[in-house]
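Asker: Everything below, folded, please.
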Amino acid sequence: MESTHTNVSIEAVKGGITQQPDVEAIVNAANAELTTGGGVAGAIHHAAGPELYKECQDFAPIRPGEAVITRAYKLPNKYVIHCLGPMYERKKNYEDLLANCYKNALKLAEENKIKSIAFPAISTGVFGYPMEEATEVAVKTILGEVSKLKHLEKIKFVLFTQADLEIYQRKLEELY
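Answerer: Sure, this is the predicted structure:
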């Protein structure tokens with residue numbers, strides 16, 4: 001599914017975040033120390049090679065909602081934007097911290113004149129954020145920021161499972 005909002009195309013696809021050669025930057029669902037870890041962070045570090053870890057050491061640690069940018073090394077992209085999403089706890093509201101991940105990633109993309117970016121579902125893996133809630137935050141935040149973008153032309157949500165893709169597609173249809 002692909003839609004255009006102002007001059008920015010927004011799409012959701014099924015796939016792996018490290019196999020997105022059609023975007024300049026991919027977003028890493030990072031841990032605070034910007035180390036390999038599991039899930040998205042592990043896949044990105046593994047595909048990029050050890051140089052990524054070395055560059056990340058200059059920026060660590062980061063706090064929830066923060067984002068930093070590095071080169072992508074062996075990945076088919078130019079940049080990796082690392083965001084630390086919040087750990088989900090049922091009785092606390094982390095919507096703002098999760099939204100800040102997306103806002104700060106877009107801000108870095110704009111500052112670096114990046115034309116295309118791919119996001120994974122930040123905080124939904126081992127950080128435990130429920131997919132429905134995280135998707136709502138991601139899509140609302142992106143749609144709220146898109147009119148301010150001057151350089152970005154393409155925003156892509158890359159989902160690992162068909163079920164997650166369907167949630168994103170439904171939210172995009174609802175909120176557009």
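
Asker: Can you give me the neighbour number for K115?
Answerer: Here the number of neighbours of K115 (other Cβ atoms under 10 Å) works out to 13. In short, each C-beta sits where N, CA and C put it, glycine included.

Asker: gap between the spatially most central residue of the chain and K113?
Answerer: For the chain, the residue sitting closest to the mean C-alpha position, by Cα atoms, centre = their mean, is F119 at 3.0 Å. According to Cβ to Cβ, to the nearest Å, F119 and K113 sit 18 Å apart.

Asker: what about the longest helix in this structure?
Answerer: In the chain, with assignment by DSSP state H, the single longest helix is helix 95-111.

Asker: Which residue is the nearest non-sequential neighbour of F127?
Answerer: M87 (5.0 Å; Cβ to Cβ, 6 or more residues apart in numbering).

Asker: Wasn't P64 part of a helix?
Answerer: No - counting by DSSP: H, G, I helix; E, B strand; the rest coil, P64 is not found in a helix; it is coil.

Asker: my guess is V13 is in a strand, correct?
Answerer: Yes - counting by three-state DSSP, V13 falls inside a strand.

Asker: That one and F160 touch, don't they?
Answerer: No - contact between V13 and F160 fails when scored by Cβ atoms under 8 Å: they sit 10.7 Å apart.

Asker: more crowded one of the two?
Answerer: Neighbours per residue (other Cβ under 10 Å) separate V13 from F160, with F160 holding more: 18 against 15.

Asker: for that one, what are its contacts?
Answerer: F160 makes contact with K14, G15, G16, P120, A121, according to Cβ atoms under 8 Å, 6 or more residues apart in numbering.
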